[in-house]
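Peer 1: Dropping a prediction and its sequence here:
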Amino acid sequence: MKLSIIVPVVNESESVNICAQQWAMTAFHDGIRLEIVIADNGSKEEHIKNYDKLGEFHKGFEVKLVRHPYPGQIIPAVAKAYEEVTGEYLLIADAHILYYPDAFASSIKLMEKKDLGAVCMLHNHLGMTPVHDESFIAGDEKMYGDRLGLTYCVEPRYIFMSGQSGTLIRTDWYDKLGRLFPEVFKEVGGGFCAIEDLIPTLTWMFGKKIMSNPEAIYWHLIYKHNADEGKVKGLTDSIAVCHYLKNHEDDWYKWVEDWRGKLDPKIKDKIEEVGKEARAYVAANSKWKYQDLFDKWEEMKNG
């Protein structure tokens, strides 16, 4: 089997180099072929040179660099990088995380055994909803939080999650969902929240399930390049696009205004203009509505 890891980056060549070596060791340990696709979102040239050197140095696995011309627009950058993916499984990974030795193999095994849409390989998004009151669903006695706001589980659990980063997904399933939206985000905004929210939410809405895998849970590296400013560019616009595409209510924008403040009417109009087709597709093809995640969670996860 082959795993493709897409890494969205902005000036993160040092941490990517560290992580790529550890990911390669994990894949080798599990007998999994690996390719890493670096999705650049506007790094400085010194980092671009380092990404190139990374591919030249590592001969045991493939390293591909895909550059996107709009800094901070993560969804289009990932979509562009996706065109280079050749693995049966796909992981969207932060550029500063490490995995346990059996993480890839155990997650793929869990996915196949339970016929899942995705497996969550991180702990800071387990059971969290992407709503402004930061409420939880899917919590029980076997899931618990800590003072840092992280959520843990002691065995695989069906979970709703607000993050795609750290999520293992079948490439063909990502293809069905991920290709719906690049043009929308290209014109309006595809910052950090978009990739963190939309695909996991739609996985449940389209009738597939997500489970956590405690055997894969990692921790962030102590070292992390200060690159977040570029990644969160267009955050409010990104949140607005997400809510428009996944919600069927006419007052979708009020979710954003309650959370982030007044939405520019021009942005609202643009979102409705370029996202109309994708929104209609979600409405016509999803098994569940977004509100069902709150009202019918037990039915969704047990059905």
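Peer 2: Yep, it's here. Numbering: from 1, shown residues only.

Peer 1: And stretch 205-219, how far out from the chain middle?
Peer 2: Here stretch 205-219 is found 12 Å from its chain centre; the criterion is C-alpha atoms, centre = their mean, to the nearest Å.

Peer 1: now swap in stretch 264-271 and tell me
Peer 2: 25 Å.

Peer 1: Just the CA trace of it, in PDB.
Peer 2: C-alpha atoms of stretch 264-271 as PDB (Å, rounded to 0.1, in the frame of the first residue of the first chain):
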ATOM      1  CA  ASP A 264     -18.600  42.400   4.600                       C
ATOM      2  CA  PRO A 265     -21.800  42.300   2.300                       C
ATOM      3  CA  LYS A 266     -19.600  42.200  -0.800                       C
ATOM      4  CA  ILE A 267     -17.900  39.000   0.600                       C
ATOM      5  CA  LYS A 268     -21.300  37.500   1.400                       C
ATOM      6  CA  ASP A 269     -22.600  38.200  -2.100                       C
ATOM      7  CA  LYS A 270     -19.400  36.800  -3.600                       C
ATOM      8  CA  ILE A 271     -19.600  33.600  -1.600                       C
END
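
Peer 1: Next, the buried residues of that stretch.
Peer 2: Neighbour counts over stretch 264-271 (16 or more other C-beta atoms under 10 Å) mark I267, K268, K270, I271 as buried. In short, each C-beta sits where N, CA and C put it, glycine included.

Peer 1: Also stretch 12-29?
Peer 2: Across stretch 12-29, burial judged by 16+ other C-beta under 10 Å covers E12, S13, E14, S15, V16, N17, C19, A20, W23, A24, T26, A27.

Peer 1: And those, which is closest to Y51?
Peer 2: In terms of C-beta to C-beta, no member of the buried residues of stretch 12-29 lies closer to Y51 than S13, at 5.6 Å.

Peer 1: can you tell me how far the closest one sits from I38?
Peer 2: According to C-beta to C-beta, to the nearest Å, S13 and I38 sit 9 Å apart.
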